[in-house]
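In: Okay, sequence plus prediction incoming.
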Amino acid sequence: MTNSHPKEKEIQEYVLDRSACSNTTIGHIESCTVCQEEVNSYTLLFTGIKQEPAASFDFDLEQLVMPLLPSPEPLMTTDRFVFGFLVVFSCLCIGVPVYIFWQNILYMFSGIPVYFIYVIIGSSSSVMLVKIWNMFKKYQNQMRILNFNYSR
Amino acid sequence: MNDITGNNPKDKHLVDRVLRGDTRAFAVIIKNTENLVAQIVFKMVPVAEDRKDLAQDIYLKTFNSLGGFKFQSKLSTWIARIAYNTCLSWIEKKKPILPGNLHEDEAWQKHSTENLHHYSSVSNESEGQISQKEVKAILRNEINKLPVIYQTLITLFHHESMSYEELTQITGLPEGTVKSHLFRARKMLKENLLSKYKKEAL
């Protein structure tokens, strides 16, 4: 047994998980009445906290929240039908000409000046970048509202 | 059986159902987690009238962001984090003080001492033996006198048997800070109890 008492932290550790303590600490605590008193105090305290009645809401949380949730969408709404139709129609509009004229497609841009192609690519890229930036800012704002990037 | 993140396959199934539009599954999630949420809300929010709005807010946030849940923690831990952050925002709105001092502000603890008057007679009996019921009341009041963060951590660790890792995920504090807070909370609680009441009485 060592003469100096273990630190308070070690006493707490002993009560919480004896196996995490060193043999020296265990040996001291088990043969020291002062430390045993500390251990008893903490044991009583932890048991007391464990036995505390759990807090519970005095209202029906389910009844409170469920009516506020959006109702489930039906399997096929008009919007979905229109969206599906537009997707199929768009695919046909692109697919049919490509199927018919695919041999001529390679020569489609041959007569256009190079700088004009750069203008088209440049402007469309700029529009896309602005759109992506706006989308990112909107996402950040939504996350801020939801407190997920709350900073302490 | 739980996987490596502690997630229950039933939780995954429930989340999938909610995301597919089955809101009834969300009622099960509420039922499974409301006790844990209540523990956090009761420890962090002393105003009873506000708890109802906050609880509602917590679950609406949960519902709206369920699609973003990546199963990197237990579903209950994730919801507890939303509850913790929501309550923290409420505290900040109600009492605009420096965030660093937020949890240890003594004035903020005033609410917890209000109930102490009820138990003042109990302290007078500390010379003799006090009943088990009174000991529990004393302990409850001493816990309520602790800083909010200590109360929350003590309750989640000792009452809800949560691990340090889970507490880290809920509070967003480093594990070392969580351990240090818990150590100080237990020490403070023990000393407060012993200084007020004779050990023999307890």
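Out: Thanks, I have it. Residues are numbered from 1 along each chain as shown, chains lettered A, B, ... in the order given.

In: and after the host helix or strand of A:Val88, which helix or strand comes next?
Out: Element membership for A:Val88, per DSSP states H and E: helix A:78-105. Next in sequence after helix A:78-105, counting helices and strands by DSSP H and E, comes helix A:114-145.

In: How about the residue sitting nearest the centre point of chain B: what's its closest non-neighbour residue?
Out: Geometric centre of chain B, nearest residue: B:Ile40, 2.9 Å, by CA atoms, centre = their mean. Leaving aside its chain neighbours, B:Ile40 sits nearest to B:Ala83 (4.5 Å; criterion: CB to CB, 6 or more residues apart in numbering or on different chains). For every residue, glycine as well, the C-beta is placed using N, CA and C.

In: B:Met188 versus B:Ser195, what's the distance?
Out: 10 Å (CB to CB, to the nearest Å).

In: quick one, which of these two is more surrounded?
Out: Taking other CB atoms under 10 Å in any protein chain shown, B:Ser195 and B:Met188 do not tie; B:Met188 has more neighbours (16 against 8).

In: Where do the helices of chain B begin and end?
Out: B:9-19, B:24-44, B:48-65, B:75-94, B:110-114, B:120-124, B:132-145, B:148-154, B:164-171, B:175-196 (DSSP state H).

In: Out of these, indicate the one that is most buried.
Out: Compared across the helices of chain B, helix B:148-154 shows the largest average neighbour count, a mean of 24 (mean count of other CB atoms under 10 Å in any protein chain shown).

In: Could you list the domains of chain B?
Out: For chain B, automatic domain parsing gives the domain ranges B:1-94, B:100-202.

In: Let me have those in JSON lines, extended by mean pLDDT.
Out: JSON lines is the format used below for those (pLDDT from 0 to 100):
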{"stretch": "domain B:1-94", "mean pLDDT": "88"}
{"stretch": "domain B:100-202", "mean pLDDT": "74"}
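
In: Those into TSV, with extra columns for distance to A:Thr47?
Out: What follows is the domains of chain B, written out as TSV (distance: least, CB to CB, whole Å):
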stretch	distance to A:Thr47
domain B:1-94	18
domain B:100-202	9
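
In: what about chain A, any weak spots by pLDDT?
Out: A:1-3, A:71-77, A:142-152 (pLDDT under 70).

In: what do you get if the cut-off is 80, keeping everything else the same?
Out: Regions of chain A meeting the criterion pLDDT under 80 cover residues A:1-3, A:70-80, A:103-111, A:139-152.

In: Break it into its domains for me.
Out: For chain A, the structural domains run A:8-50, A:78-108, A:109-152, going by automatic domain parsing.

In: Please work out which of these is packed deepest.
Out: By mean count of other CB under 10 Å, the domains of chain A have domain A:8-50 as the most buried, with a mean of 15.

In: what's the span of it, first residue to last?
Out: One end of domain A:8-50 sits 21 Å from the other (CA to CA, to the nearest Å).

In: and that domain with chain B, contact?
Out: Yes. Against chain B, domain A:8-50 shows contacts by CB under 8 Å from any CB of the partner chain at A:8-9, A:12, A:37, A:41-42, A:44-46, A:48-50.

In: residues contacting B:Gln56?
Out: B:Gln56 is in contact with A:61, A:64-65, A:68, counting by CB atoms under 8 Å, 6 or more residues apart in numbering or on different chains.

In: What separation do you get for it and A:Thr43?
Out: 39 Å.

In: And for B:Leu167?
Out: Distance from B:Leu167 to A:Thr43, by CB to CB: 22 Å.

In: hang on, isn't B:Asp11 packed against B:Ser73?
Out: No. With contacts counted by CB atoms under 8 Å, B:Asp11 stays clear of B:Ser73, the gap being 10.6 Å.

In: Are there residues contacting both of these two? Which ones?
Out: In contact with both B:Asp11 and B:Ser73: no residue, using CB under 8 Å, 6+ apart.

In: how about A:Ile105, what does it touch?
Out: Counting by CB under 8 Å, 6+ apart, A:Ile105 touches A:Val98.
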